[in-house]
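*Asks:* here is my input; please provide its structure:
(one chain, ligands or ions: 1)
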Amino acid sequence: MIVPGSSSQQLAAALADATDHELATATYDRFPDGERLAAAPAFADAETDHAVVVATTDSDEAWVELLQLQDAVREAGAERVTTVIPYMGYARQDRSFKPGQPVSARAMARAVSTGTDKVVLVNPHEPAVADFYDVPVTSVDAAAALADPLPDLTNPLFLAPDEGAVDIAETVRNAYGAGDTDYFEKHRDRDTGTVEITTADASVADRDVVVVDDIVATGSTMSEAVGVLRADGADRILAACVHPMLAANAVTKLRAAGVDRLVGTDTIERGCSVVSAAGAIADAL
Ligand code: R5P
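*Replies:* Just a heads-up that it's a prediction; the model follows:
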(Lines give C-alpha, C1' and ligand atoms only; values in the text may rest on other atoms or scores of the structure.)
Protein backbone atom coordinates (compact mmCIF):
# COMPACT_ATOMS: atom_id res chain seq x y z
CA MET A 1 0.00 0.00 0.00
CA ILE A 2 1.40 3.37 -1.06
CA VAL A 3 0.50 6.06 1.47
CA PRO A 4 1.06 9.64 0.27
CA GLY A 5 1.90 12.73 2.25
CA SER A 6 -0.25 15.69 1.27
CA SER A 7 2.54 17.27 -0.81
CA SER A 8 3.45 14.07 -2.66
CA GLN A 9 0.08 12.94 -3.98
CA GLN A 10 1.00 13.00 -7.67
CA LEU A 11 4.31 11.25 -7.13
CA ALA A 12 2.67 8.61 -4.92
CA ALA A 13 0.04 7.97 -7.60
CA ALA A 14 2.77 7.63 -10.23
CA LEU A 15 4.62 5.26 -7.90
CA ALA A 16 1.48 3.17 -7.36
CA ASP A 17 1.14 2.88 -11.15
CA ALA A 18 4.82 2.05 -11.62
CA THR A 19 4.81 -0.66 -8.94
CA ASP A 20 1.24 -1.88 -9.46
CA HIS A 21 0.52 -1.37 -5.77
CA GLU A 22 -2.58 0.07 -4.21
CA LEU A 23 -2.77 3.79 -3.40
CA ALA A 24 -4.21 4.61 0.04
CA THR A 25 -6.45 7.64 0.49
CA ALA A 26 -4.76 9.29 3.44
CA THR A 27 -6.44 12.25 5.12
CA TYR A 28 -4.86 15.49 6.28
CA ASP A 29 -6.71 17.44 8.94
CA ARG A 30 -5.95 20.18 11.42
CA PHE A 31 -7.24 20.89 14.90
CA PRO A 32 -8.42 24.41 15.74
CA ASP A 33 -5.11 25.12 17.49
CA GLY A 34 -3.22 24.34 14.28
CA GLU A 35 -1.97 20.87 15.21
CA ARG A 36 -1.99 18.41 12.33
CA LEU A 37 -3.70 15.04 12.05
CA ALA A 38 -2.60 12.96 9.08
CA ALA A 39 -4.19 9.52 8.98
CA ALA A 40 -4.14 6.35 6.90
CA PRO A 41 -7.11 4.08 6.19
CA ALA A 42 -7.19 0.71 7.97
CA PHE A 43 -5.71 -2.05 5.83
CA ALA A 44 -8.77 -4.25 5.25
CA ASP A 45 -6.79 -6.78 3.24
CA ALA A 46 -4.81 -9.04 5.54
CA GLU A 47 -2.32 -9.49 2.71
CA THR A 48 -1.42 -5.80 2.93
CA ASP A 49 1.35 -5.92 5.44
CA HIS A 50 3.80 -3.45 3.88
CA ALA A 51 3.16 0.28 3.86
CA VAL A 52 5.24 2.65 1.75
CA VAL A 53 4.91 6.18 3.08
CA VAL A 54 5.82 8.70 0.37
CA ALA A 55 6.17 12.18 1.79
CA THR A 56 8.40 15.00 0.69
CA THR A 57 9.75 17.14 3.53
CA ASP A 58 9.82 20.62 2.06
CA SER A 59 8.42 22.27 5.20
CA ASP A 60 8.36 21.71 8.94
CA GLU A 61 4.67 20.79 8.67
CA ALA A 62 5.59 18.11 6.14
CA TRP A 63 8.07 16.57 8.60
CA VAL A 64 5.34 16.34 11.24
CA GLU A 65 2.96 14.79 8.74
CA LEU A 66 5.58 12.22 7.74
CA LEU A 67 6.10 11.14 11.36
CA GLN A 68 2.34 10.92 11.86
CA LEU A 69 1.85 8.80 8.73
CA GLN A 70 4.60 6.40 9.80
CA ASP A 71 2.80 5.90 13.09
CA ALA A 72 -0.62 5.78 11.44
CA VAL A 73 0.25 2.94 9.08
CA ARG A 74 1.43 0.77 11.98
CA GLU A 75 -1.87 1.50 13.74
CA ALA A 76 -3.61 0.57 10.48
CA GLY A 77 -1.99 -2.85 10.51
CA ALA A 78 1.27 -2.56 8.58
CA GLU A 79 3.96 -4.92 9.75
CA ARG A 80 6.66 -3.38 7.56
CA VAL A 81 7.12 0.30 6.79
CA THR A 82 9.26 1.80 4.07
CA THR A 83 9.60 5.57 4.08
CA VAL A 84 10.27 7.32 0.79
CA ILE A 85 11.50 10.88 1.28
CA PRO A 86 11.52 12.33 -2.25
CA TYR A 87 13.12 15.56 -1.07
CA MET A 88 14.89 15.48 2.27
CA GLY A 89 14.67 18.89 3.84
CA TYR A 90 17.42 19.92 6.25
CA ALA A 91 19.92 17.82 4.24
CA ARG A 92 21.99 20.97 3.65
CA GLN A 93 22.41 21.33 7.42
CA ASP A 94 24.63 18.28 7.45
CA ARG A 95 27.19 19.64 9.89
CA SER A 96 27.47 22.10 12.72
CA PHE A 97 28.79 25.17 10.91
CA LYS A 98 29.29 27.20 14.10
CA PRO A 99 29.70 26.12 17.72
CA GLY A 100 26.31 25.43 19.25
CA GLN A 101 24.53 24.72 15.98
CA PRO A 102 22.79 21.35 15.53
CA VAL A 103 23.44 18.79 12.81
CA SER A 104 19.82 19.16 11.75
CA ALA A 105 19.94 16.46 9.05
CA ARG A 106 21.00 13.95 11.72
CA ALA A 107 18.22 15.04 14.09
CA MET A 108 15.61 14.55 11.35
CA ALA A 109 17.08 11.21 10.26
CA ARG A 110 17.02 9.87 13.81
CA ALA A 111 13.38 10.85 14.26
CA VAL A 112 12.37 9.19 10.98
CA SER A 113 14.35 6.03 11.81
CA THR A 114 12.22 5.34 14.87
CA GLY A 115 9.12 4.76 12.70
CA THR A 116 10.36 2.80 9.72
CA ASP A 117 12.20 -0.33 8.64
CA LYS A 118 13.83 1.22 5.61
CA VAL A 119 14.30 4.63 3.96
CA VAL A 120 14.53 5.63 0.31
CA LEU A 121 16.02 9.05 -0.48
CA VAL A 122 16.11 10.77 -3.87
CA ASN A 123 19.28 12.70 -4.69
CA PRO A 124 20.01 13.77 -1.11
CA HIS A 125 22.01 16.97 -1.12
CA GLU A 126 24.97 15.22 0.54
CA PRO A 127 25.11 11.44 0.03
CA ALA A 128 26.61 11.13 3.53
CA VAL A 129 23.29 12.12 5.17
CA ALA A 130 22.24 8.52 4.56
CA ASP A 131 24.62 7.55 7.37
CA PHE A 132 22.57 9.57 9.86
CA TYR A 133 19.70 7.04 9.68
CA ASP A 134 19.59 4.08 12.05
CA VAL A 135 17.87 1.88 9.43
CA PRO A 136 18.99 0.79 5.93
CA VAL A 137 18.86 3.61 3.36
CA THR A 138 18.78 3.44 -0.44
CA SER A 139 19.61 6.68 -2.27
CA VAL A 140 18.31 6.86 -5.83
CA ASP A 141 19.33 9.17 -8.65
CA ALA A 142 16.33 10.60 -10.51
CA ALA A 143 18.34 13.08 -12.59
CA ALA A 144 18.29 11.01 -15.81
CA ALA A 145 14.57 11.77 -16.20
CA LEU A 146 15.45 15.46 -16.64
CA ALA A 147 16.75 14.68 -20.15
CA ASP A 148 13.27 13.61 -21.33
CA PRO A 149 11.67 17.05 -21.75
CA LEU A 150 14.73 18.66 -23.37
CA PRO A 151 14.22 19.82 -26.96
CA ASP A 152 16.76 19.15 -29.74
CA LEU A 153 19.79 21.12 -28.60
CA THR A 154 22.52 22.76 -30.68
CA ASN A 155 26.07 21.86 -29.61
CA PRO A 156 24.82 21.37 -26.05
CA LEU A 157 26.74 21.96 -22.86
CA PHE A 158 25.53 20.46 -19.57
CA LEU A 159 26.82 22.76 -16.93
CA ALA A 160 26.87 22.36 -13.15
CA PRO A 161 26.75 25.66 -11.25
CA ASP A 162 29.30 24.23 -8.81
CA GLU A 163 31.58 21.23 -8.60
CA GLY A 164 29.19 19.35 -6.32
CA ALA A 165 26.59 19.08 -9.07
CA VAL A 166 28.92 17.68 -11.75
CA ASP A 167 27.71 14.12 -11.26
CA ILE A 168 24.08 14.93 -11.92
CA ALA A 169 25.04 17.17 -14.89
CA GLU A 170 26.84 14.11 -16.29
CA THR A 171 23.83 11.90 -15.58
CA VAL A 172 21.59 14.25 -17.58
CA ARG A 173 24.14 14.56 -20.37
CA ASN A 174 24.44 10.78 -20.63
CA ALA A 175 20.67 10.34 -20.65
CA TYR A 176 20.40 13.00 -23.38
CA GLY A 177 23.11 11.21 -25.35
CA ALA A 178 25.21 14.13 -26.65
CA GLY A 179 27.10 17.22 -25.50
CA ASP A 180 29.85 18.26 -23.11
CA THR A 181 29.90 18.68 -19.34
CA ASP A 182 31.57 21.44 -17.35
CA TYR A 183 31.09 23.32 -14.09
CA PHE A 184 31.30 26.84 -12.67
CA GLU A 185 33.19 27.82 -9.55
CA LYS A 186 30.74 29.10 -6.94
CA HIS A 187 31.22 31.10 -3.78
CA ARG A 188 28.34 31.72 -1.39
CA ASP A 189 28.64 34.27 1.41
CA ARG A 190 27.11 32.36 4.35
CA ASP A 191 26.06 35.55 6.15
CA THR A 192 24.34 37.35 3.26
CA GLY A 193 23.44 34.31 1.10
CA THR A 194 24.91 36.14 -1.93
CA VAL A 195 26.23 33.85 -4.65
CA GLU A 196 29.16 34.62 -6.95
CA ILE A 197 29.83 32.50 -10.02
CA THR A 198 33.10 32.29 -11.93
CA THR A 199 33.01 31.36 -15.60
CA ALA A 200 33.74 27.78 -16.67
CA ASP A 201 36.51 26.79 -19.09
CA ALA A 202 34.19 25.79 -21.90
CA SER A 203 33.15 28.43 -24.43
CA VAL A 204 29.38 28.93 -24.37
CA ALA A 205 28.90 31.42 -27.22
CA ASP A 206 26.08 30.33 -29.55
CA ARG A 207 25.63 27.03 -27.70
CA ASP A 208 22.53 25.68 -26.01
CA VAL A 209 23.33 25.31 -22.33
CA VAL A 210 21.49 23.19 -19.76
CA VAL A 211 22.37 24.24 -16.22
CA VAL A 212 21.83 21.21 -13.98
CA ASP A 213 21.65 21.31 -10.19
CA ASP A 214 20.23 19.08 -7.48
CA ILE A 215 18.00 21.84 -6.11
CA VAL A 216 16.80 25.32 -6.95
CA ALA A 217 15.98 26.83 -3.56
CA THR A 218 16.21 30.64 -3.47
CA GLY A 219 17.26 30.57 -7.13
CA SER A 220 20.39 32.60 -6.39
CA THR A 221 22.76 29.95 -7.73
CA MET A 222 20.79 29.20 -10.86
CA SER A 223 20.00 32.83 -11.71
CA GLU A 224 23.65 33.86 -11.24
CA ALA A 225 24.70 31.03 -13.55
CA VAL A 226 22.09 31.99 -16.13
CA GLY A 227 23.19 35.64 -15.94
CA VAL A 228 26.82 34.72 -16.60
CA LEU A 229 25.83 32.51 -19.52
CA ARG A 230 23.68 35.28 -21.03
CA ALA A 231 26.58 37.72 -20.74
CA ASP A 232 28.89 35.17 -22.37
CA GLY A 233 26.62 34.79 -25.41
CA ALA A 234 24.96 31.41 -24.81
CA ASP A 235 22.02 30.75 -27.12
CA ARG A 236 19.18 28.89 -25.35
CA ILE A 237 19.61 28.47 -21.61
CA LEU A 238 17.61 25.79 -19.85
CA ALA A 239 17.62 25.13 -16.12
CA ALA A 240 17.09 21.58 -14.86
CA CYS A 241 16.92 20.42 -11.25
CA VAL A 242 15.82 17.35 -9.36
CA HIS A 243 14.23 19.32 -6.49
CA PRO A 244 12.36 22.48 -7.61
CA MET A 245 11.97 24.05 -4.18
CA LEU A 246 11.54 27.52 -5.74
CA ALA A 247 11.36 29.42 -2.47
CA ALA A 248 10.29 33.07 -2.26
CA ASN A 249 11.02 34.93 -5.53
CA ALA A 250 13.15 32.23 -7.19
CA VAL A 251 10.94 31.99 -10.28
CA THR A 252 11.10 35.75 -10.86
CA LYS A 253 14.88 35.79 -10.38
CA LEU A 254 15.31 33.07 -12.97
CA ARG A 255 13.03 34.83 -15.40
CA ALA A 256 14.84 38.15 -14.89
CA ALA A 257 18.19 36.44 -15.47
CA GLY A 258 16.96 35.26 -18.86
CA VAL A 259 16.29 31.54 -18.49
CA ASP A 260 14.37 30.04 -21.40
CA ARG A 261 12.86 27.10 -19.54
CA LEU A 262 12.97 25.48 -16.11
CA VAL A 263 12.31 21.77 -15.68
CA GLY A 264 12.23 19.72 -12.50
CA THR A 265 11.02 16.40 -11.14
CA ASP A 266 8.06 15.80 -8.84
CA THR A 267 10.13 15.25 -5.68
CA ILE A 268 8.68 18.67 -4.90
CA GLU A 269 5.47 19.16 -6.86
CA ARG A 270 5.59 22.47 -8.70
CA GLY A 271 4.42 23.80 -12.05
CA CYS A 272 7.79 22.92 -13.59
CA SER A 273 7.66 19.29 -12.35
CA VAL A 274 7.30 17.82 -15.82
CA VAL A 275 9.06 14.52 -15.13
CA SER A 276 8.61 11.98 -12.36
CA ALA A 277 11.04 10.39 -9.96
CA ALA A 278 8.59 7.48 -9.66
CA GLY A 279 10.52 5.21 -12.05
CA ALA A 280 13.76 5.56 -10.12
CA ILE A 281 11.98 5.04 -6.79
CA ALA A 282 10.07 2.02 -8.13
CA ASP A 283 13.38 0.41 -9.10
CA ALA A 284 14.66 0.92 -5.55
CA LEU A 285 11.49 -0.54 -4.02
C1 R5P B 1 24.51 23.80 -3.46
O2 R5P B 1 25.49 23.16 -3.14
C3 R5P B 1 23.37 23.21 -4.20
O4 R5P B 1 23.80 22.30 -5.15
C5 R5P B 1 22.52 24.26 -4.85
O6 R5P B 1 23.29 24.92 -5.82
C7 R5P B 1 22.02 25.28 -3.87
O8 R5P B 1 21.60 24.68 -2.70
C9 R5P B 1 20.88 26.05 -4.50
O10 R5P B 1 20.43 26.99 -3.57
P11 R5P B 1 19.90 28.40 -4.04
O12 R5P B 1 18.84 28.17 -5.09
O13 R5P B 1 19.37 29.01 -2.80
O14 R5P B 1 21.07 29.17 -4.57
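*Asks:* quick check: Ser6 touching Ala38?
*Replies:* Yes. In this structure, Ser6 is within contact of Ala38 by C-beta atoms under 8 Å, at 7.2 Å. In short, each C-beta sits where N, CA and C put it, glycine included.
*Asks:* shared neighbours, those two?
*Replies:* Ala26, Tyr28, Glu65 (C-beta atoms under 8 Å, 6 or more residues apart in numbering).
*Asks:* where do the strands of the stretch 1-150 of the chain begin and end?
*Replies:* Here the stretch 1-150 of the chain has its strands, by DSSP state E, counting those that start in this stretch, at 2-4, 27-30, 36-39, 50-54, 80-85, 118-122, 137-140.
*Asks:* can you add distance to the ligand and give those strands back as TSV?
*Replies:* Converted to TSV, the strands of the stretch 1-150 of the chain look like this (distance: least, C-beta to the nearest ligand atom, whole Å):
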stretch	distance to the ligand
strand 2-4	26
strand 27-30	28
strand 36-39	27
strand 50-54	23
strand 80-85	17
strand 118-122	14
strand 137-140	15
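*Asks:* can I get those in CSV with mean neighbour count, distance to Cys272 and mean pLDDT?
*Replies:* Rendered in CSV, the data for the strands of the stretch 1-150 of the chain read as follows (neighbours: other C-beta atoms under 10 Å; distance: least, C-beta to C-beta, whole Å; pLDDT from 0 to 100):
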stretch, mean neighbour count, distance to Cys272, mean pLDDT
strand 2-4, 28, 20, 98
strand 27-30, 12, 24, 98
strand 36-39, 18, 26, 98
strand 50-54, 27, 20, 97
strand 80-85, 24, 20, 97
strand 118-122, 23, 16, 98
strand 137-140, 18, 20, 98
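*Asks:* quick one: pLDDT of the residue of the stretch 1-150 of the chain found nearest the ligand?
*Replies:* For the stretch 1-150 of the chain and the ligand, the shortest gap (C-beta to the nearest ligand atom) falls at Arg92, measuring 6.1 Å. In this model, Arg92 is scored at 93, pLDDT.
*Asks:* I'd say Phe43 and Glu75 touch.
*Replies:* No. Using C-beta under 8 Å, Phe43 is not in contact with Glu75, being 10.1 Å away.
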